[in-house]
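Enquirer: Sharing a sequence plus its predicted fold:
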Amino acid sequence: MAKAQIGIIGGSGLYQMPELTDVEEVRVETPFGDPSDAFIIGTLEGVRVAFLPRHGRGHRILPTELPFRANIYALKLLGVERILSASAVGSLQERYAPLDMVIPDQFFDRTRARARESTFFGDGIVAHISFAHPVCSDLGDVLEESCRAVGVNVHRGGTYLCMEGPAFSTKAESNVYRAWGMDVIGMTNLQEAKLAREAEICYATLALVTDYDCWHESHDVVTVETVVENLNKNVRHAQLVMREAVKRLQGRPRACECGSALKNAIFTAPELWPEATTKRLEAIIGKYKKAD
Ligand SMILES: CSC[C@H]1O[C@H](OP(=O)(O)O)[C@H](O)[C@@H]1O
Ligand SMILES: Nc1ncnc2[nH]cnc12
């Protein structure tokens, strides 16, 4: 199996990383089905990086349909320890202008609980990870430094509200989210962050602001046309930030607790773990299982 140290999940508009060299296209099978697409694994700044277009090549998968578990499990199987996610977001506050970048430090779930995959557990093994701080702050530091190095207008911190979609919000919803103090809005990152934590992989988001959602007096409605136009203006910056982040991560030891997130989270005693579930979750719970 091919291996990589860093995963990059590209969202709307970020469908490739042009500077990868020694590229191989790798399809990964997982116990949770097929990932969104084949991974493009290549070398960037001397580091093996696995790139995945979240919505598949040609943007064919709705946020609700995303195979979140397969995507994160596949990255685990590839040996990835850190995930950098790029995502298009709407701004819910005047201070985040289109073309700015935000590195959120919180998520707020407005997806429909049953519609989306958000845990690897169940089927006889119960785990409750801590999720008070859903983003790896060390990885967030690196993204922030990288944005500054590239010269991007970056905001550190803020809450990413994850809505179900696929329709954009109504004006009433948008105004309520603003009143709640939410900062940016998107449709994809919350489940990824949860599953990455369960898989003990560091996760941080580079949110690319594309629009003012629909609350703003001078913008009124969001359209895919506006989003795409601003993404196209910003995609090169996003690629440069990712490259800079990978460069800064090379040789940097993990200075966080993401790598042991499951240590005190699995409730079910190892002697009670059903064999099939234990086997299915081998890549993430293997190190915690009862010695034979
Ligand atoms: C194309 S606009 C809405 C779409 O864009 C964002 O996708 P991603 O997070 O993958 O960049 C948003 O979450 C929606 O899926
Ligand atoms: N306004 C918005 N709402 C939800 N997702 C988005 N992605 C980009 N802009 C968005």
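Expert: Nice, thanks for sending it over. Numbers count the residues shown, from 1 in each chain. Ligands and ions are numbered 1, 2, ... in the order given.

Enquirer: Look up how far ligand 1 lies from Leu161.
Expert: To ligand 1, Leu161 is 11 Å away according to CB to the nearest ligand atom, to the nearest Å. (Glycine included, C-beta is placed from N, CA and C.)

Enquirer: Ramachandran angles for that residue?
Expert: Here the main-chain torsion angles of Leu161 (degrees, to the nearest 10) amount to phi -90, psi 120.

Enquirer: Kindly report the same for Thr21.
Expert: Backbone torsions for Thr21, taken as degrees, to the nearest 10, come to phi -120, psi 170.

Enquirer: Please verify my assumption that it contacts Glu45.
Expert: No. The pair Thr21 and Glu45 does not pass the contact test of CB atoms under 8 Å, sitting 10.2 Å apart.

Enquirer: Please tell me how far the residue of the stretch 1-150 of the chain found nearest ligand 1 sits from ligand 2.
Expert: Nearest to ligand 1, among the residues of the stretch 1-150 of the chain, is Gly11, at 2.2 Å (CB to the nearest ligand atom). Note on Gly11: its distance to ligand 2, by CB to the nearest ligand atom, is 8 Å.

Enquirer: Now that residue. Nearest residue, chain neighbours left out?
Expert: Ser87 (4.1 Å; CB to CB, 6 or more residues apart in numbering).

Enquirer: ok, now which ones touch the one you found?
Expert: Under the criterion of CB atoms under 8 Å, 6 or more residues apart in numbering, the neighbours of Ser87 are 11-12, 186, 188-189, 205-208.

Enquirer: go again using 6 Å as the cut-off
Expert: Contacts were defined as CB atoms under 6 Å, 6 or more residues apart in numbering; by that measure Ser87 touches 11, 186, 189, 205, 207.

Enquirer: Just these: which are in helices?
Expert: Judged by DSSP state H, those include Asn189 as members of helices.

Enquirer: Could I get the pLDDT score of the closest residue in space to Asn232 that isn't next to it in sequence?
Expert: Excluding the flanking residues, the one nearest Asn232 by CB to CB, 6+ apart is Gly13, at 6.8 Å. What the model reports for Gly13 is a pLDDT of 93.

Enquirer: circling back to that earlier point, now, which of the contacts of Ser87 sits nearest ligand 1?
Expert: When these are compared for distance to ligand 1 (CB to the nearest ligand atom), Gly11 comes out closest, at 2.2 Å.

Enquirer: List the buried residues of stretch 285-292.
Expert: Neighbour-count burial for stretch 285-292, counted by 16 or more other CB atoms under 10 Å, picks out 285, 288.

Enquirer: mind exporting it as PDB, just the C-alpha atoms?
Expert: The C-alpha trace of stretch 285-292 is given here as PDB (Å, rounded to 0.1, in the frame of the first residue of the first chain):
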ATOM      1  CA  ILE A 285      -8.400   0.800  17.500                       C
ATOM      2  CA  GLY A 286      -5.800  -2.000  16.900                       C
ATOM      3  CA  LYS A 287      -3.300  -0.400  19.300                       C
ATOM      4  CA  TYR A 288      -5.900  -0.500  22.100                       C
ATOM      5  CA  LYS A 289      -7.100  -4.000  21.700                       C
ATOM      6  CA  LYS A 290      -6.600  -6.800  24.300                       C
ATOM      7  CA  ALA A 291      -3.300  -8.600  23.900                       C
ATOM      8  CA  ASP A 292      -3.900 -12.100  22.600                       C
END
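
Enquirer: Alright, calling it a day.
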